[in-house]
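Peer 1: Mind looking at a prediction? Sequence and model below.
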Amino acid sequence: MSRFTSLARNEERPKSGEPRKFNVFQGQYKVSNLEDAVLSTLLGSCVAVCMYDPEAGVGGMNHFLVPGGQNRANERSLSHGAYSMELLINGLLKRCAERKRLVAKLFGGASVMSGLSDVGQQNAEFARSFLATEDILCVSESLGGKNARRINFWPCTGRVQQLLIPIDEAPVVEEVIEPEAPPAGNDLELF
């Protein structure tokens, strides 16, 4: 079987012996069976589902902002959990995973902004409910709380590393200086 990946665009070139790191941004998903791949994301109230087939040695991660499921007309976006989950599962199945062997790990869903609706809790509840409905085993989760999380996921093995980032320790930006023209080729991501 040939090795595959659909991750080349935002791949960080590793030094010799280091894993290849692929960032999964808000509203994205990635699937890989590369033995040296690590999928990485930063979460607040968003949820990431790390799903893999341990026998096929293939896995993937998504990163969704809102649960979805209420208004089908506006949900064909990866920022909606329902659509993001379907694409992640289909991406795994296209790469030789078997649905009955899929297992998942859930992360995120923090309450990072007081005074707003708790979208983090809604995202967490959606992810749990989706997996239960689809009969996909959830083997671990780290959901809720008040901390942001950095997640690193090794898709071939299912290994996950989590770094909790207390919100009160996040750097504070005192002044924002807007450039006159954005540099070519750079992306801006807002959290």
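Peer 2: All right, it came through fine. Numbering: from 1, shown residues only.

Peer 1: which residues in the chain form strands?
Peer 2: Remark: strands assigned in the chain by DSSP state E are 11-12, 20-23, 28-32, 37-43, 47-53, 58-64, 103-108, 137-143, 147-154, 159-166.

Peer 1: I'd like those strands as TSV, with mean pLDDT, distance to Q121 and mean neighbour count appended.
Peer 2: Glycine gets a C-beta too; all of them are placed from N, C-alpha and C. Putting the strands of the chain into TSV (pLDDT from 0 to 100; distance: least, Cβ to Cβ, whole Å; neighbours: other Cβ atoms under 10 Å) gives the following:
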stretch	mean pLDDT	distance to Q121	mean neighbour count
strand 11-12	51	33	13
strand 20-23	96	26	20
strand 28-32	97	22	25
strand 37-43	97	14	23
strand 47-53	98	10	28
strand 58-64	97	14	28
strand 103-108	98	11	23
strand 137-143	97	8	15
strand 147-154	95	14	20
strand 159-166	93	17	14
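
Peer 1: give me every residue that touches the residue nearest to L131 when sequence neighbours are not counted.
Peer 2: Spatial nearest neighbour of L131, excluding adjacent residues (Cβ to Cβ, 6 or more residues apart in numbering): C138 at 5.0 Å. C138 is in contact with V103, A104, K105, L106, R128, L131, A132, counting by Cβ atoms under 8 Å, 6 or more residues apart in numbering.

Peer 1: check contacts around the first one.
Peer 2: Taking Cβ under 8 Å, 6+ apart as the definition of contact, the neighbours of V103 are M51, Y52, D53, P54, I136, L137, C138, V139, G158.

Peer 1: closest to R95 out of the strands of the chain?
Peer 2: Among those, strand 58-64 comes nearest to R95, with 4.9 Å by Cβ to Cβ.

Peer 1: who does the closest one pair up with?
Peer 2: Strand 58-64 sits in its sheet next to strand 28-32 (antiparallel), strand 47-53 (antiparallel), going by DSSP bridges.

Peer 1: And stretch 27-45, how far out from the chain middle?
Peer 2: Distance of stretch 27-45 from its chain centroid, counting by Cα atoms, centre = their mean, to the nearest Å, is 6 Å.

Peer 1: Repeat that for stretch 139-155.
Peer 2: The answer for stretch 139-155 is 9 Å, by Cα atoms, centre = their mean.

Peer 1: With distance to G120 as extra columns, can I get the strands of the chain in TSV?
Peer 2: Shown next, in TSV, are those (distance: least, Cβ to Cβ, whole Å):
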stretch	distance to G120
strand 11-12	28
strand 20-23	21
strand 28-32	19
strand 37-43	9
strand 47-53	8
strand 58-64	12
strand 103-108	7
strand 137-143	8
strand 147-154	11
strand 159-166	14
